[in-house]
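# Give the three-dimensional model of this entry:
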Amino acid sequence: MKNLIEKFYTAFSNQDAETMAECYHKDIEFTDPAFGTLKGERAKDMWRMLCNAQKGKKFIVTSSNIEADEDKGKANWEAIYNFSKTGRKVHNKIKAEFEFKDGLIIKHVDTFDLHKWSKQALGFKGVLIGGTGFFKKKLQQQTNHLLDKFQSNLSG
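Prediction:
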C-alpha cells in the first residue's frame with residue numbers, strides 16, 4: 001500500500017489526475033478543510049480540476065514520511081503554487097491519512113492549517129477571517145461551486 005500512496009503523489013506531482021483517480025476505490029471518501037467531504041467520482045474530479053488548473057504553471061508537490069500497512073496509511077505532503085485568485089505564493093503543508101479496500105484508497109483525509117493557508121493565499125484578509133468557521137464554510141461553498149462547474153463541463 002505504500003507503493004500506492006507513492007504512485008498517487010508521483011502522479012500529482014506530474015499533474016496526472018487520471019493515475020491519481022486510478023488509485024481511488026469507486027466508493028472513495030475524501031475530506032479536507034477546503035472542500036469538505038467528497039465521495040466517488042466527485043472526489044476524483046476534484047483532483048482532475050486541481051491538476052487541470054495548474055497545467056503549465058509552476059506547481060510543486062512533494063511527499064514524505066509515507067507509511068502503510070494493508071489497512072491504513074499516512075503521509076506528509078507539500079504543495080507550492082500561486083493561488084489563482086490573488087497570484088500570491090502558497091506553501092501548504094498537509095498531513096494525509098488513508099484507509100484501503102480491495103488494494104485501493106477507500107478513505108483519504110487531508111488536514112492542514114486553514115488559517116495559515118488563508119494568510120498566504122489572501123494576505124491581510126486571510127489574517128483577519130481565515131481562522132473562522134464562516135470562512136471555512138464560505139470557502140467550501142466556493143470550491144464546491146467550482147467543482148460543480150468543472151463537472152458540468154465534463155459531461156456537457
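# going forward, measure contacts between C-alpha atoms and count neighbours the same way
OK.
# what's the helix ranked longest in the chain packed up against?
Longest helix in the chain, counting residues (DSSP state H): helix 133-155. On a contact count with 3 or more Cα pairs under 8 Å, 6 or more residues apart in numbering; DSSP states H and E, helix 133-155 meets helix 41-54.
# so what does the helix or strand just after the helix it packs on touch, helix or strand wise?
Per DSSP states H and E, the first helix or strand lying C-terminal to helix 41-54 is strand 60-68. Strand 60-68 makes packing contacts with helix 2-13, strand 72-82 when contacts are defined by 3+ Cα pairs under 8 Å, 6+ apart.
# I'd like the ones you listed as TSV, with distance to Glu99, mean neighbour count and mean pLDDT appended.
Formatted as TSV, those follow (distance: least, Cα to Cα, whole Å; neighbours: other Cα atoms under 10 Å; pLDDT from 0 to 100):
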stretch	distance to Glu99	mean neighbour count	mean pLDDT
helix 2-13	11	18	97
strand 72-82	4	18	97
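# and the ones you listed as JSON lines, adding distance to Phe35?
Below are those laid out as JSON lines (distance: least, Cα to Cα, whole Å):
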{"stretch": "helix 2-13", "distance to Phe35": "17"}
{"stretch": "strand 72-82", "distance to Phe35": "16"}
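# so which of the ones you listed comes closest to Met46?
helix 2-13 (12.0 Å; Cα to Cα).
# where does whatever helix or strand comes next after that closest one sit relative to the chain's centre, distance-wise?
Sequence order places helix 17-22 as the next helix or strand after helix 2-13, per DSSP H and E. The chain centre lies 13 Å from the centre of helix 17-22; the measure is Cα atoms, centre = their mean, to the nearest Å.
# do the same with stretch 36-46
For stretch 36-46, the distance to the chain centre is 10 Å (Cα atoms, centre = their mean).
# Now it - C-alpha only, PDB.
Below are the C-alpha coordinates for stretch 36-46, written out as PDB (Å, rounded to 0.1, in the frame of the first residue of the first chain):
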ATOM      1  CA  GLY A  36     -15.200  19.300   3.000                       C
ATOM      2  CA  THR A  37     -16.200  15.700   2.200                       C
ATOM      3  CA  LEU A  38     -16.400  14.500  -1.400                       C
ATOM      4  CA  LYS A  39     -17.400  10.900  -2.500                       C
ATOM      5  CA  GLY A  40     -16.900   8.700  -5.500                       C
ATOM      6  CA  GLU A  41     -16.400  10.400  -8.900                       C
ATOM      7  CA  ARG A  42     -16.700  13.900  -7.300                       C
ATOM      8  CA  ALA A  43     -13.500  13.200  -5.200                       C
ATOM      9  CA  LYS A  44     -11.700  12.000  -8.400                       C
ATOM     10  CA  ASP A  45     -13.000  15.100 -10.300                       C
ATOM     11  CA  MET A  46     -11.600  17.400  -7.600                       C
END
